[in-house]
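Student: Here you go, sequence then predicted model.
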Amino acid sequence: MTIFDWLIWTGAALTVVGLAALVWCIWTVARAKAQGLDDETLRIRMRTVLAVNMGALAASCIGLMMVVVGIFLAP
């Protein structure tokens, strides 16, 4: 395996981790809304989910960039 293969597979794994975190965010928000929490409690829960959501989007984006770079630079 070349360095480019490692770059592609590492990027794909990072993308999958990011997508899994996005699914967790969706699931957590849907569960919080279904519980019928009051407005302040829902805001507190959404703050934590927002931070995870931004990290998940960043991880997915970086992973996809790694895959594209690995594909373009592979011999």
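Tutor: Received, thanks.
Student: any weak-confidence spans in the chain?
Tutor: Within the chain, no range satisfies pLDDT under 70.
Student: for it, what's the longest helix?
Tutor: When the chain is parsed with DSSP state H, its longest helix is helix 39-73.
Student: buried set for that one?
Tutor: Across helix 39-73, burial judged by 16 or more other CB atoms under 10 Å covers 45, 46, 49, 53, 56, 59, 60, 63, 66, 67, 70. Quick note: C-beta positions are derived from backbone N, CA and C, even for glycine.
Student: Return the closest of those residues with respect to residue 38.
Tutor: residue 45 (10.9 Å; CB to CB).
Student: ok now do the closest one, which residues does it touch?
Tutor: Contact partners of residue 45, counting by CB atoms under 8 Å, 6 or more residues apart in numbering, are 28, 29, 32, 37.
Student: go again using 10 Å as the cut-off
Tutor: By CB atoms under 10 Å, 6 or more residues apart in numbering, the contact list for residue 45 reads 28, 29, 31, 32, 33, 35, 37.
Student: Would you check that the fifth one makes contact with residue 39?
Tutor: No. Distance between residue 33 and residue 39: 11.7 Å, which falls outside the contact criterion (CB atoms under 10 Å).
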